[in-house]
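Colleague: Okay, predicted coordinates and the sequence, questions at the end:
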Amino acid sequence: AGEPKAPLARVLGWGMTCGALGVFLPIILRLVETRSAAGLSPLTWSLQLLGYALFVIYPARSGFPLSSYVEYAVLMAQSLAINCMIRLFAG
C-alpha cells in the first residue's frame, strides 16, 4: 500500500527543490548587482546556514532518499553564497 506513494513523494520532493531555487535568488541578484550588503546581518545568515546544514546532515546520515531533503541543500548553498557575499562586500 505504501509503494504507490513513493514516486509521488519523490516527485513532490524534487518539485519543492525547484521552488527552493528561487527563495533567495532575488537577494543574491541584488548583492551581485549593488555589491553592497547593507541591511543584511552576518549573524542571521550564519545561523540560517547552520540550520540548513543540520537539516541536510541528519537525513543524509540517516539514509533518507535525497529527494526528501535536497531542497535544504539548495537553501544551504544559497545561504552560503549570501554569507560569502556579505563578508566580501562588508568591508
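Modeller: Happy to help now that I have it.

Colleague: any weak-confidence spans in this protein?
Modeller: 1-5, 91 (pLDDT under 70).

Colleague: center of it, which residue is that?
Modeller: residue 75 (0.5 Å; CA atoms, centre = their mean).

Colleague: Can you list the buried residues in stretch 15-31?
Modeller: 16-17, 20, 24, 27, 31 (16 or more other CB atoms under 10 Å). Using the backbone N, CA and C atoms, a C-beta is placed for each residue, glycine as well.

Colleague: The residue nearest to the centre of the chain: which element?
Modeller: Using DSSP states H and E, residue 75 falls within helix 70-90.

Colleague: Can you point out the buried residues in that helix?
Modeller: Quick answer for helix 70-90 (16+ other CB under 10 Å): 70-83, 85-86.

Colleague: What of stretch 40-48?
Modeller: 40, 45, 48.

Colleague: quick revisit: in strands, which of the buried residues of stretch 15-31 appear?
Modeller: Using DSSP state E, no member of the buried residues of stretch 15-31 sits in strands.

Colleague: residue contacts, the closest residue to residue 74 other than its chain neighbours?
Modeller: What sits nearest to residue 74 in space, not counting adjacent residues and going by CB to CB, 6 or more residues apart in numbering, is residue 20, at 4.4 Å. Applying CB atoms under 8 Å, 6 or more residues apart in numbering to residue 20 gives the contacts 71-72, 74-75.
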